[in-house]
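**Q** Kindly generate the corresponding structure for this input.
(one chain, ligands or ions: 2)
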Amino acid sequence: MRIALLGGEGRMGRAIKALAQTHDYPPSGEEGGTDVLIDFSSPAGTKEAAAYCASHNIPLVTGTTGLSEDEQMAVKEAAKKVAIVQSGNMSLGVTLLKRLVAEAATALEGYDIEILETHHRHKKDSPSGTALLLGEAAARARDTALLEAARFTRHGRSEERRPEEIGFAVRRGGGVYGEHEVGFYGDGETVTLSHQALGRDGFARGALAAARWVVKHDKPGLYGMDDVLGL
Ligand SMILES: NC(=O)C1=CN([C@@H]2O[C@H](COP(=O)(O)OP(=O)(O)OC[C@H]3O[C@@H](n4cnc5c(N)ncnc54)[C@H](OP(=O)(O)O)[C@@H]3O)[C@@H](O)[C@H]2O)C=CC1
Ligand SMILES: O=C(O)C1=N[C@H](C(=O)O)C[C@H](O)C1
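**A** Residues are numbered from 1 along each chain as shown. Ligands and ions are numbered 1, 2, ... in the order given. From the prediction side, this is the model:
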């Protein structure tokens, strides 16, 4: 599998290159063409990658977060022509957590849902792609749209919390790889589901698993890590 990497010099790009070497995957260009493009760059980079993949018939794995509506639309358009795996978090743990969050949101009816995420000081988008995908899973489980339920800021005096609200809190600092906590707050108890990345290898492993999956899956469409990992 010959891999082209957009964002190859960045934090994730370097983690993927290191892992790809241990799997003996040559970079594209060394042995001819490209079998798959992996993108961990910026929202503008993702839009360019999607257009490039669609016009060159190359499958795409994209983990870049913080896309605008327009940039996400470009990914959806490209997915009409090629297979694309997109996820705000490529790790096995978060893919499982998403399912657990949906289950808890259904079972713990009436419990208030609050999501807290912490990342390194360099992260530009907030809330994180992971926080949003977990929020989306919770919202869908409660038959509502995330954009209707989401409460992104709290400051000063306001109305009481709406029961359907999904609150987001964000912390940025140091070198934290990524921590996510979904709290379900009932009247007499709190249930907390959480994930802590201990490095970038888990994301990189997921990206390579998605690349292996998508090169074999030549049917155009937009797929998630649940498709890749069969969860
Ligand atoms: N889905 C997942 O599992 C994960 C997703 N991410 C996401 O991946 C993205 C990248 O994160 P990270 O590696 O930490 O970021 P970095 O800033 O370390 O790396 C991004 C790299 O992409 C390059 N780049 C940016 N825009 C373009 C472009 N238009 N064309 C070509 N190259 C470009 C940058 O180059 P330059 O510096 O020259 O601009 C840089 O080398 C973020 O959106 C992050 O949230 C991160 C970890 C896991
Ligand atoms: O920028 C990061 O570092 C990360 N970004 C992703 C996100 O926005 O959720 C995934 C992971 O948490 C690391």
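**Q** Where does the protein get nearest to ligand 1, residue-wise?
**A** Of all residues in the chain, the one sitting closest to ligand 1 is Gly10 (1.9 Å; C-beta to the nearest ligand atom). (C-beta placed from N, C-alpha, C; glycine too.)
**Q** Give me the most central residue, the protein.
**A** The structure's the chain has its C-alpha centroid closest to Gly88; by C-alpha atoms, centre = their mean the separation is 0.9 Å.
**Q** Thought Phe40 was touching the residue of the chain closest to ligand 1, still the case?
**A** Yes. Gly10 sits in contact with Phe40 when judged by C-beta atoms under 8 Å, with a separation of 6.3 Å.
**Q** for whichever strand or helix holds Leu100, which positions count as buried?
**A** Using DSSP states H and E, Leu100 falls within helix 92-107. Of the residues in helix 92-107, those buried by neighbour count under the rule 16 or more other C-beta atoms under 10 Å are 92, 94-95, 97-98, 101-102, 104-105.
**Q** Looking at those residues, spot the one nearest ligand 2.
**A** Distance to ligand 2 across those (C-beta to the nearest ligand atom) is lowest for Val94, with 7.7 Å.
**Q** Could you pull up the residues touching that closest one?
**A** Taking C-beta atoms under 8 Å, 6 or more residues apart in numbering as the contact definition, Val94 lies against 130, 133-134, 180, 195, 225.
**Q** now Gly202
**A** Residues counted as contacts of Gly202 (C-beta under 8 Å, 6+ apart) are 90-93.
**Q** Now whichever helix or strand it is part of: buried residues?
**A** When elements are assigned from DSSP H and E, Gly202 belongs to helix 201-216. Residues of helix 201-216 classed as buried: 202-215 (neighbour count, 16+ other C-beta under 10 Å).
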